[in-house]
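Participant: what's the 3D shape of this:
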Amino acid sequence: MNGRERFLEVMKFNKSVRSMKWEFGYWGQTVNNWYDEGLPRKEYPSIPTEITTPTSTLYTKAWTCQGGKVLPNGIPVMAGGLYWPTQGFPLDHDVRRYFNMDYTQVMVDVNLLFDPMFEVKTLDDTDERLTYVDIDGVKRIFLKEEATIPSSVEWPIQDWDTWNKLKNERMNLKDISGRFPKNWKQLVEEYKNRDYPLALGGYPQGLFGTLAHLVGYEKLFYMYYDDPQLVHDILSTFTDVWLAVYSEVLDQVEIDHIHFWEDISAGKGSMVSLDVVREFMLPYYKKVIAFLKARGVDIIFVDTDGDCNALIPLFVSAGVTGMYPFETHCGMDIVKVRKEYPDLQILGGVPKSEITKGKARIDEILKPVEAVLKTGGYIPFGDHFIPPDVPWEEFKYYRNKLNGMIDAMGD
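Facilitator: Down below sits the predicted model:
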């Protein structure tokens with residue numbers, strides 16, 4: 001059974017099939033630490049240098065501004081649980097091979113934002129920081145010593161005037177051919193012959209996430225109340241673009257699942273009221289999901305951090321079938337979630353920071369994981385990127401123990 005077949009069976013709650021062996025990902029400093037602590041270095045993660053689409057290569061200018069040969073401490077390294085390619089992040093190989101884990105899920109590389117993309121423009125470049133405009137039209141600052149995801153400081157959508165200009169110049173529905181990368185024909189051939197799960201969507205596509213990404217969180221919170229028609233017009237336009245692109249993709253490639261990126265919840269719940277979710281998100285969710293399910297895409301994931309307990313029933317009502325990464329320190333309990341939503345596909349849910357606390361604590365945090373594994377429809381991994389304070393020896397114990405649990409559940 002290859003990775004794609006296994007993934008689809010796990011998502012069908014087939015309990016005779018073992019789950020996927022994935023991690024959400026690791027911070028760059030974490031991986032560098034592990035090499036120093038004994039991880040065999042055979043294929044160092046490679047930072048992509050070519051800019052293709054916003055789906056896969058946002059932030060590439062920042063990650064490569066210092067050469068791109070060594071992992072910046074704050075760059076995420078992909079490991080299967082979070083799709084790849086995305087955001088110019090590299091893909092891990094050495095950790096995966098050390099533990100005989102499964103290859104990543106892959107995201108279709110297609111432009112879901114503006115076409116034509118904005119030209120990358122350097123505004124200021126010093127020893128300390130890079131200030132630039134990215135391919136999504138967002139002005140960002142990248143602090144070179146911290147080397148984490150760049151901070152957005154100016155956004156392309158401010159009001160009706162800026163939106164109408166963008167809509168007229170960069171949201172053309174009559175010809176979507178420019179939204180596909182130059183190597184699209186080659187990608188289609190690869191996708192058709194794949195042995196891994198293939199997804200649509202990804203960062204920053206979402207019915208909250210895209211607006212927050214292009215408007216800014218604070219301005220968006222006001223916009224819901226001050227100018228709801230503008231919000232609806234933005235969402236309606238993007239929805240039409242996404243459906244047009246997805247229709248073309250699905251005419252050429254069979255897709256396994258879709259990821260909506262929202263990050264709508266924080267440490268103590270949703271960042272917007274549930275009424276806002278119902279009015280501004282659910283109608284568009286239902287439209288997109290109905291289209292996808294009619295075309296045979298039945299696995300619908302939502303990515304949101306934080307405490308999303310109150311949001312789960314709303315997403316489920318719109319047709320969402322799975323969620324991740326279930327951050328435990330924000331109150332997410334995968335055993336409780338499984339009891340309340342027995343048909344929900346669950347990914348993540350392992351308290352990443354607890355791995356530092358030794359074997360006894362690792363044994364303890366994996367007990368609920370084992371319980372949910374027995375119910376099916378679950379892919380366990382750290383509830384976000386594994387942090388740098390997790391030593392290689394503790395991670396090895398955790399991952400070997402988790403792999404053993406996964407193997408015990410099926411073939």
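Participant: which one is residue 127 nearest to, not counting chain neighbours?
Facilitator: With C-beta to C-beta, 6 or more residues apart in numbering as the measure, residue 144 is the residue that lies nearest to residue 127, at 7.1 Å, once sequence neighbours are left out. Any C-beta I mention is one placed from the backbone N, CA and C, and that applies to glycine too.
Participant: average model confidence for the helix or strand containing residue 251?
Facilitator: Residue 251 belongs to helix 228-252 when assigned by DSSP states H and E. Average pLDDT, helix 228-252: 98.
Participant: after it comes which helix or strand?
Facilitator: strand 257-261.
Participant: In the protein, what helix or strand scores lowest on average pLDDT?
Facilitator: strand 265-266 (a mean of 94; mean pLDDT, DSSP states H and E).
Participant: List of residues touching the helix or strand where residue 400 lies?
Facilitator: Per DSSP H and E: residue 400 is located in helix 392-408. Outside helix 392-408, the residues within contact range by C-beta atoms under 8 Å, 6 or more residues apart in numbering are 18-19, 21, 23, 33-34, 37-39, 99-101, 350, 355-359, 362-363, 366, 369-370, 373, 380, 386.
Participant: Now for residue 118: which residues touch it?
Facilitator: Applying C-beta under 8 Å, 6+ apart, the residues near residue 118 are 133, 134, 135, 136, 137, 156.
Participant: my guess is it is in a helix, correct?
Facilitator: No. Counting by DSSP: H, G, I helix; E, B strand; the rest coil, residue 118 falls outside a helix, being coil.
Participant: any idea how far it is from residue 330?
Facilitator: 34 Å (C-beta to C-beta, to the nearest Å).
Participant: tally of neighbours for residue 373?
Facilitator: 24 (other C-beta atoms under 10 Å).
Participant: Now do the contacts for the closest residue to it other than its chain neighbours.
Facilitator: Among residues not flanking residue 373 along the chain, residue 409 sits closest, at 5.2 Å (C-beta to C-beta, 6+ apart). Contacts for residue 409 (C-beta under 8 Å, 6+ apart) come out as 15, 18, 19, 373, 374.
Participant: Can you give me the end-to-end span of stretch 79-94?
Facilitator: Distance between the boundary residues of stretch 79-94 (C-alpha to C-alpha, to the nearest Å) amounts to 10 Å.
Participant: ditto for stretch 58-77
Facilitator: Termini of stretch 58-77 sit 15 Å apart (C-alpha to C-alpha).
Participant: Any buried residues in it, and which?
Facilitator: 58-65, 68, 71-77 (16 or more other C-beta atoms under 10 Å).
Participant: how about the nearest residue to residue 137, chain neighbours excluded?
Facilitator: residue 156 is the one closest to residue 137 (C-beta to C-beta, 6+ apart), at 3.6 Å.
Participant: Now do the contacts for that neighbour.
Facilitator: 114, 118, 136, 137, 138, 162, 166, 214.
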